[in-house]
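Engineer: Just to be clear, the model below is a prediction. Sequence and coordinates:
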Amino acid sequence: MPAHRPRRGATHNPESARFGLAVREADGDWLDARTEQDGAPPPLRTSVTVERARTILTRNQSPDLGFDRSVNPYRGCEHGCIYCFARPSHAYHDLSPGLDFESRLFAKPDAADLLRKELMKKGYQAAPIAFGTNTDPYQPIESDWRITRACLAVLDETNHPVTITTKSDRVVSDLHRLSAMAARQLVSVAVSLTSLDPRIAMTLEPRAPAPHRRLAAIRALSEAGVPTYVSIAPVIPAITDHELEHLLEAAAAAGASAAFFIPVRLPWEVAPLFKAWLDAHFPDRAGKVMATIASLRDGRENDPGFFTRMRGSGPWSALLQTRFAIACRKHGLDQKRIVLRTDLFRAPAGPQGELF
């Protein structure tokens, strides 16, 4: 297996055969010879391809999700979180869910215009649009492309509710707009926090902001009046589960008003990537981690069932839920989630309306 690349999550770049794509297998002798001749591979650079999407709203009818529509300004995510359940989506592009997912990205620069057209459709009914449900809307390339910012401008203009999930403190770059929208009960933000240990965070989420920066973002959002939650997702047995209470305490001290957690999920190609990551970074406990995950997932590496996929099952899951509930009560994080307003929505003016 190739050596792990610094500041990247996946240890390699496996291909996917799920969609009838040819899988190319490298010969081990050739790989050995290449290393001897060429040395270590060059640094992996991030590339961004423009995607001209035809629509921007993704609809779902999943009963265990709190939203029915979402916007994803980007495909792939440079944060490189090894556990990311969105990794398999890169296979649709004949790209690997491994290193390709975190280095060969797609941006949708027309997203704001497409969103405006969706909101203008006759009969459109407002409901919260979720950002960050697949890949992070504030990953590093947002600093250059600012697609999330452009979409927020459309939602602000039309008084449309929005929820944001991110593990980046870049969200505070839009603090002025988010604060203004929060005053109208139009926005809430969930900041993902998986570990307070910089070493663990660096291997789990190699290009995501450090834990202390995410806590600072929670504080800034809360002080600006933005309803801010902490997402302890995922909780990884024998890697981060011992931090659960400490994470909730730190988030509460930073001003978070509520919290939720999700045990680690390993759908499709994520499972072998995750196991390779364990072997590279935590070989002493890899077997224990996978055995506990199997106990959480009814003997499997992943449980795709509605509701159980979000909380797991069995004694380990029950213990996690009990610990979580006790810590939330202790730190005041058991408050009800805010209900965003939909009655303020006004469809954007069309070209004719803008003339008057």
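Structural biologist: Now that the structure is in, tell me what you want to look at. Numbers count the residues shown, from 1 in each chain.

Engineer: going forward, measure contacts and count neighbours with C-alpha atoms only.
Structural biologist: Will do.

Engineer: now the helices: where do they sit in the stretch 101-250 of the chain?
Structural biologist: Listed in chain order, the helices of the stretch 101-250 of the chain (DSSP state H, counting those that start in this stretch) span residues 111-120, 142-145, 147-158, 175-182, 198-204, 211-223, 244-254.

Engineer: Arrange those in CSV, one row each, with mean pLDDT as further columns.
Structural biologist: Output for the helices of the stretch 101-250 of the chain, formatted as CSV (pLDDT from 0 to 100):
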stretch, mean pLDDT
helix 111-120, 98
helix 142-145, 98
helix 147-158, 98
helix 175-182, 98
helix 198-204, 95
helix 211-223, 98
helix 244-254, 98
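
Engineer: For the nearest residue to Ala325 once chain neighbours are set aside, grab the count of nearby residues.
Structural biologist: The shortest distance from Ala325 to any non-neighbouring residue, by C-alpha to C-alpha, 6 or more residues apart in numbering, is to Asp334 (7.6 Å). Other residues within reach of Asp334, judged by other C-alpha atoms under 10 Å, total 17.

Engineer: Residues in contact with the host helix or strand of Ile326: which ones?
Structural biologist: Assigned by DSSP states H and E, Ile326 belongs to helix 315-330. If you take C-alpha atoms under 8 Å, 6 or more residues apart in numbering as the criterion, helix 315-330 is touched by 244-245, 248-249, 258-259, 292, 295-296, 311, 334.

Engineer: now the closest residue to Ala126 other than its chain neighbours: how far from Ala127?
Structural biologist: Spatially, and ignoring its direct neighbours in sequence, Ala126 is nearest to Thr342 (5.7 Å; C-alpha to C-alpha, 6+ apart). Distance from Thr342 to Ala127, counting by C-alpha to C-alpha, to the nearest Å: 6 Å.

Engineer: Spit out the residues that contact these two alike.
Structural biologist: Once C-alpha under 8 Å, 6+ apart is applied, the residues that Thr342 and Ala127 both contact turn out to be 160-161.

Engineer: for the residue nearest to Ala325, which residues make a bridge with it?
Structural biologist: Judged by DSSP bridges, the bridge partners of Asp334 are Ala258.

Engineer: residue contacts, it?
Structural biologist: With C-alpha under 8 Å, 6+ apart, Asp334 has these contacts: 257-259, 325, 328.

Engineer: In those, find the pair that's most separated.
Structural biologist: Ser257 and Ala325 (14.1 Å; C-alpha to C-alpha).

Engineer: Between the two, tell me which one has more neighbours.
Structural biologist: Higher neighbour count among Ser257 and Ala325: Ser257, with 24 against 16, using other C-alpha under 10 Å.

Engineer: Ala250 is in contact with Arg219, correct?
Structural biologist: No - counting by C-alpha atoms under 8 Å, Ala250 is not a contact partner of Arg219; they are 10.5 Å apart.

Engineer: picking up where we left off before, looking at the contacts of Asp334, which is nearest Leu175?
Structural biologist: Nearest to Leu175 out of the contacts of Asp334 is Ser257 (C-alpha to C-alpha; 17.4 Å).

Engineer: Hmm, that closest one is touching Pro227, no?
Structural biologist: Yes - the pair Ser257 / Pro227 is scored as a contact, 6.9 Å apart, by C-alpha under 8 Å.

Engineer: Which other helices and strands does the top strand by length along the chain contact?
Structural biologist: When the chain is parsed with DSSP state E, its longest strand is strand 228-235. On a contact count with 3 or more C-alpha pairs under 8 Å, 6 or more residues apart in numbering; DSSP states H and E, strand 228-235 meets strand 187-192, helix 211-223, helix 244-254, strand 258-263.

Engineer: do that again at 7 Å, thanks
Structural biologist: Applying 3 or more C-alpha pairs under 7 Å, 6 or more residues apart in numbering; DSSP states H and E, one finds that strand 228-235 contacts strand 187-192, helix 211-223, strand 258-263.

Engineer: which other residues reach it?
Structural biologist: Residues outside strand 228-235 that contact it (C-alpha atoms under 7 Å, 6 or more residues apart in numbering) are 188-194, 218, 221-222, 241, 251, 256-264.

Engineer: Next, Thr58: secondary structure please.
Structural biologist: strand (DSSP: H, G, I helix; E, B strand; the rest coil).

Engineer: who's in contact with it?
Structural biologist: Contacts of Thr58 by C-alpha under 7 Å, 6+ apart are 69-71.
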